[in-house]
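Visitor: Pasted the sequence and its predicted model underneath.
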Amino acid sequence: MESRDKKLEIKNICKIFLNKNNGYETAIEDVSFKVKENEFLVLLGPGECGKTVLLNIISGLLKQTSGEIYIDGKLSKGLNSEIGFVFQKLGILPWLTVRDNIAISQKFAGVKKTERYEKCQKYIDLVGLKGFEKYYPHQLSGGMKQRVGIARAYAGNPDILLLDEPFGKLDAQTRYSMQDEILRIWNENKKTVIFVTNNIEEAVFLADRIILFSKQPMSVKENYDLKEMKRPRDYTSEDFLKIRKEISDRTDLVIE
Amino acid sequence: MEVCTKMTKKTKNIIVNLLPFISIGLFIGFWFLVAGKPSSIIPTPYEVYLRVVKLIEKPISHTSIWGHVWASTKRVLFGLLLACFFGIPFGLLVGWNKKFRRVFKPLFELIRPIPALAWIPLLTLWFGIGESSKIALVFVGCLMPVVVNTYSGVSLIPKLNVDVAKIYGASNSQIITDIVLPSSLSAIMAGISTAMGTGWIVVLAAEMISAYQGLGFLIIRGSNVSDLALVIFAMLLIGLIGSVLSSLLRFLERKLCPWKVEIKN
């Protein structure tokens, strides 16, 4: 099952930016890893370490300086319909209703209105937004907006889902419930997920596997396989706290 | 107790509804006061009213009041529509396409500071002194605010919205129609409303120079024959039409951008 083990392969990715003083700044330094099909992979790293840059490169929004990305063994060149993206800053379009936001990929693909509403209803129900189809984004709470973002990513029916610190802006309570929600949604509708966060607890709670990154220039520091850890996980259980401490001790401190 | 609060609520509502009339009432009172002095050369509101009655009985240059109003309004609306038709796409292109911007922005920046009225001699040469030269002048006056606002609306679009469209498979033209246009719609509407104000200024000036119809013509006629009541009446009409048109525009914006209005509520 070669391909199942390599849904996505990141190979020697480097990203160098030109900074304001005309100097070079290495954001990502030779990062390589593989992602299995339907795996819930969490990329964990300190703030501003380049995780978002890496995710943007995987999605095709940003070009890498060097290195390759393979999806299903094929070299990926730029944007790809196999990939759905949940943005940290939401990117929910304020002039569209909930269902028009969620159906946007189908609108761009030229699917008729009635048909795309029909297709999207499944994902609206999946994220628990039934009854809010005709609401505008400003009428929704932060958690609900992020649900729109998740449903929108799902509605394009991609194989791979990239989530960029999706719960970073939510209050603690909503954050916990959204963590439960994302696992429920993922269990009901399996996808290969790459979830970026700087929160160790969140990473341990969600991940099949965690890749820990160093501070900038970003490189892989450690790999933690949590596949065997039972779900749903308990924040206060012994093994949870143990692995949490282990990761915490290895994490770079960044003073911003 | 309950009745009492209801009562106060009702009176409160009446007061709130009456508030807008206070300033207008004060203005008319002040006008009476100033114009009522024997030495005053300004006609009183009552004299203006009498002048209006006479105007209805004996129209100027065979055109009714409505004819004059429509003559000016028509020129403003045609000029404005033309300016939107060319200005909005141009502003979108300048704001969105880097190469287009590099080519056309310098020329635009050069033309922009030239006041619309400075175009009068050239436009009169090209279009004569008839209707088309007035519409052309309004067009020139309206074009700048429409283009500038559209352009700045486009340049303020969050990059994130464009990224969202790219991720979800939008083509370049879909990015323009589905992201750029709605993102900048309220800036465009602001531009149109500014342009309408400019349009009125320009059309009145044009009518004062050469016209036989229109509100600007009424003002200059009143001035020539020392008929200040006519001048004041024309001024009041301009104010009235201007405010009606801007509330129409606001209504249109509410219809076009429902998400914006609900935020305000």
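Guide: Alright, I've got the coordinates. Numbering: from 1, shown residues only, chains lettered A, B, ... in the order given.

Visitor: mind checking the SS state of the residue most central in space within chain A?
Guide: Centroid-nearest residue in chain A: residue A:163, 1.7 Å away (criterion: CA atoms, centre = their mean). Look at residue A:163: counting by DSSP: H, G, I helix; E, B strand; the rest coil, its state is strand.

Visitor: Residue 205 is in what secondary structure piece?
Guide: Chain wasn't specified; assuming chain A. In this assignment (DSSP states H and E), residue A:205 forms part of helix A:200-206.

Visitor: ah, no, chain B please
Guide: Residue B:205 is part of helix B:181-209 when elements are defined by DSSP H and E.

Visitor: I'd like the next helix or strand past that helix.
Guide: Taking DSSP H and E, what comes next after helix B:181-209 is helix B:215-224.

Visitor: Which SSE is immediately downstream of that next one?
Guide: In the C-terminal direction from helix B:215-224 (assignment by DSSP H and E), the next one is helix B:228-256.

Visitor: Off-centre distance for that next one?
Guide: When distances are taken as CA atoms, centre = their mean, to the nearest Å, helix B:228-256 is centred 8 Å away from the chain's centroid.

Visitor: now stretch B:149-158
Guide: Taking CA atoms, centre = their mean, the mean C-alpha location of stretch B:149-158 is offset from the chain mean by 21 Å.

Visitor: how about that stretch: buried residues?
Guide: Of the residues in stretch B:149-158, B:149-151, B:153-154, B:157 count as buried by neighbour count, 16 or more other CB atoms under 10 Å in any protein chain shown. No exception for glycine: its C-beta is placed from N, CA and C like everyone else's.

Visitor: Out of those residues, which comes closest to chain A?
Guide: Within those, distances to chain A taken as CB to the nearest CB reach their minimum at residue B:157, with 11.0 Å.

Visitor: so that closest one, which of the three states?
Guide: When the structure is split into helix, strand and coil by three-state DSSP, residue B:157 lands in coil.

Visitor: right, and it touches residue B:181 too?
Guide: No: here residue B:157 lies out of contact with residue B:181, judged by CB atoms under 8 Å, at a distance of 10.0 Å.

Visitor: what about residue A:78, neighbour count?
Guide: Neighbour count for residue A:78, taken as other CB atoms under 10 Å in any protein chain shown: 11.

Visitor: where along chain A do the helices fall?
Guide: Along chain A, the segments classed as helices by DSSP state H run A:2-5, A:51-59, A:98-102, A:104-108, A:113-126, A:142-155, A:172-188, A:200-206, A:238-250.

Visitor: what bits of chain A have low per-residue confidence?
Guide: Within chain A, the set of residues satisfying pLDDT under 70 comprises A:1-4, A:254-256.

Visitor: Could I get the contacting residues of the nearest residue to residue A:227 once chain neighbours are set aside?
Guide: Taking CB to CB, 6 or more residues apart in numbering or on different chains, and ignoring the residues beside it in sequence, residue A:227 has residue A:208 as its nearest neighbour in space, at 5.1 Å. For residue A:208, the residues meeting the contact criterion (CB atoms under 8 Å, 6 or more residues apart in numbering or on different chains) are A:39-41, A:225-227.

Visitor: can you list the domain ranges for chain A.
Guide: As recorded under automatic domain parsing, the domains making up chain A are A:1-82+A:160-171+A:184-256, A:89-157.

Visitor: circling back: of the contacts of residue A:208, which pair is most distant in space?
Guide: Taking every pair in the contacts of residue A:208 and measuring CB to CB, the maximum separation is 11.9 Å, between A:40 and A:225.

Visitor: on that earlier part again, by neighbours, which of the contacts of residue A:208 wins?
Guide: For the contacts of residue A:208, counting by other CB under 10 Å, the largest number of neighbours falls to residue A:40: 25 neighbours.

Visitor: I'd assumed residue A:186 was in contact with it.
Guide: Yes: judged on CB under 8 Å, residue A:40 makes contact with residue A:186 at a distance of 6.3 Å.
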